[in-house]
Each structure stands twice: as structure tokens, then as C-alpha cells.
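Colleague: have a look; sequence and predicted model below, questions after that.
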Amino acid sequence: MQPLQLLLCIGLGGRAGAPVATRLRRVASAGLAPGRAMTTYRTEERGQPPSPGYRLFFKNEAGHYISPFHDIPLKVDSTQNLFNMVVEVPRWTNAKMEIATQEPLNPIKQDIKDGKLRYVANIFPHKGYIWNYGALPQTWEDPHQKDKSTDCCGDDDPIDVCEIGSKVLPRGDVIRVKILGILALIDQGETDWKLIAINVNDPEASKFHDIDDVKKYKPGYLEATFNWFRFYKVPEGKPENQFAFNGEFKNKAFALEVVKSAHECWKALLMKKCDGGAINCTNVQVCDSPFHCTPEEARALVQSVPSSINKESNEEEQVWHFLGK
């Protein structure tokens, strides 16, 4: 193994064909700690959005394909409560982009339902997503494990993050965030946690330490967030969403415990100690996982993915919905 590869290999036990329409770009660094070297991720597109065949793959600083779900560390540094966040959806956009948990190396793709690409509706006064939306890597909400605080099992996905900073972040960015609090959405009987966090590089990040700071410095944002999740499926003809704790946002300490639990579930998943169902656990950097593969095998997986350049039109983004309280 090359020295750089050894450095980038993460152990759970504490050990250390040309694609169509490809594009490489540097992704925001997911650093180790202030003053230390930063890890840089890049992305590569296959196909063009919006299309069912569009995929956004991730590469590490060595140029090897990796999984954003499994290979990007959860924590930036073990001594600080700073976490890596993978941006799936830029603020104000509508396309429901997500980490493809059931595909090899888990690229970002657009969700499909009933054969059609999915978009969230514009519900007045909000245009699309009202935060930069994404997920924490190396977390998993186990659908077979009941949450002791909500009495519901997990939703089979990484934990979702609503990043409330002032910048609109590109899809595929990997940023460092401070966790501030959490909301417990109950979606069809499953716990679907929504973390509230802020980019550490946001100009106002130094003001935010806990959920009460959001109430103080961004008044109305938590209420808008609650209502967004409450109503966003109503234009599809579905009922309003439900919440645990009567829709109360829990604080940072509570949120950190949820993240810790989801990280332990992910560890069990990667070590084949639980039923992962259709989740694809192929990874390049978790050395002691039975799903570990070589960089060469990862490249072959990516090159085997078909690319579609057939773009679909989207009229739904232009429609506005007005819902009564």
C-alpha cells in the first residue's frame, strides 16, 4: 500500500471508459483541525442534470473514487465538536438530490418516484429548500432499531442536515459544520432526524453555539423550518407531517447524542453486525470493513455505471402553492 493510501485508510477499530460529461472540481475542504493539513475532496459528474442517469461521484485528495457515505470521516477532529457535512441540495433549489445509499460508492443522484424525477414544491413564501441541505457521513438511522426518545425506528438513511449559514453552497461540497440542535420529524412511522447546523466558515458562525442562538440571531428561521417540514408533502396530496416532542427543537447536547448513536449504527452496518438490507457498503478507506475494496476496484465500479445525457424539463419549480395554516 502506498504511504498516502495508508494515511487515508480509516479503521473502525482505531487503525489507521471515459465517463460522459465529466467535470472535476475542488470541493470545500473537510479539514482535520485548525492549523493542520486539510483533506480536499473533488467531484466528478456522469451524465447531466436533470436526468435519471445523472450521478455525482466523489474523489479523495489521492484521486481515488470514494463513498461520501462511508469514506468521509464524521468528525473533523476528535477533540472538537466539528463535523463534516456533504451538501446534497443548494439553498433555493428544488431538485431532490440525495446520496444513493443503495448504489456502489453512493454517488449523489436525483430521487425518482413513479418514474419521474422528484422536486420539492415551492410553498409560499419559500422557494425550494430554505437551507443548504445534506447529510452527515458515517451515520445511519437503523430501520430495525427503535429510538428510545421517539419510540420509532430509523428511516434507513444518513442523518439529514439543514445548514443555516448565509452562503449558498454547491452540490457536492464537503464543509465543516457546528451542530446547534435537532428536530424529530416522524415520516410514515419512521424517525427522520433533521439537524440544524452552521458552516464554520460562515461570517456569522462565531455567534452560534446552541439552538437558542438561532432563535436570537435568525428570528423566525426555526418556525419556518418547522412549517417547511410540516407542509412540504401537502402539494403531493399527502397529509401534514408529524413530529416528536410536539415539534420542539432539541438543543446541541441532545443532537450530539443522536449523532453519536447514528454513528454507532453505521459502524455496525460497515462491520456486518446488523441487517443493512439494500444499503451498499462498498468503501475504499475503512480498512477493517468486510466491504472494503481497492482503489482499482472502485474505479471499475464507477466506469461500469451507465451515463444518460437525456435531460428532462421541469415545470414544477415554477409552480407556487399557497397553503392555509
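Modeller: Good, I have the coordinates.
Colleague: can you list the low-confidence ranges for the chain?
Modeller: Residue ranges of the chain with pLDDT under 70: 1-11, 13-38, 308-316, 324-325.
Colleague: and the top helix by length along it, what's buried?
Modeller: If you go by DSSP state H, the chain has its longest helix at helix 252-270. If you call a residue buried by 16 or more other C-beta atoms under 10 Å, then helix 252-270 has these buried ones: 252, 254-255, 258-259, 261-263, 265-270. All C-beta atoms are positioned from the backbone trio N, CA, C, and that covers glycine.
Colleague: now do it: which elements does it pack against?
Modeller: strand 174-187, strand 190-199 (3 or more C-beta pairs under 8 Å, 6 or more residues apart in numbering; DSSP states H and E).
Colleague: could I get the full set of helices for this protein?
Modeller: Going by DSSP H, the chain shows helices at 3-8, 211-217, 221-231, 252-270, 295-303.
Colleague: got those helices as JSON lines, with distance to residue 203 columns?
Modeller: Listed next are the helices of the chain as JSON lines, based on distance: least, C-beta to C-beta, whole Å:
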{"stretch": "helix 3-8", "distance to residue 203": "31"}
{"stretch": "helix 211-217", "distance to residue 203": "12"}
{"stretch": "helix 221-231", "distance to residue 203": "16"}
{"stretch": "helix 252-270", "distance to residue 203": "21"}
{"stretch": "helix 295-303", "distance to residue 203": "37"}
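Colleague: figure out which of those is closest to residue 171.
Modeller: helix 295-303 (17.7 Å; C-beta to C-beta).
Colleague: now do that closest one: which elements does it pack against?
Modeller: strand 65-66.
Colleague: from the rest of the structure, what touches the strand it packs on?
Modeller: 41, 44, 57-60, 72, 105, 283-285, 295, 298-299, 301-302 (C-beta atoms under 8 Å, 6 or more residues apart in numbering).
Colleague: apply 7 Å and report the result again.
Modeller: 57-60, 105, 284-285, 298-299, 302 (C-beta atoms under 7 Å, 6 or more residues apart in numbering).
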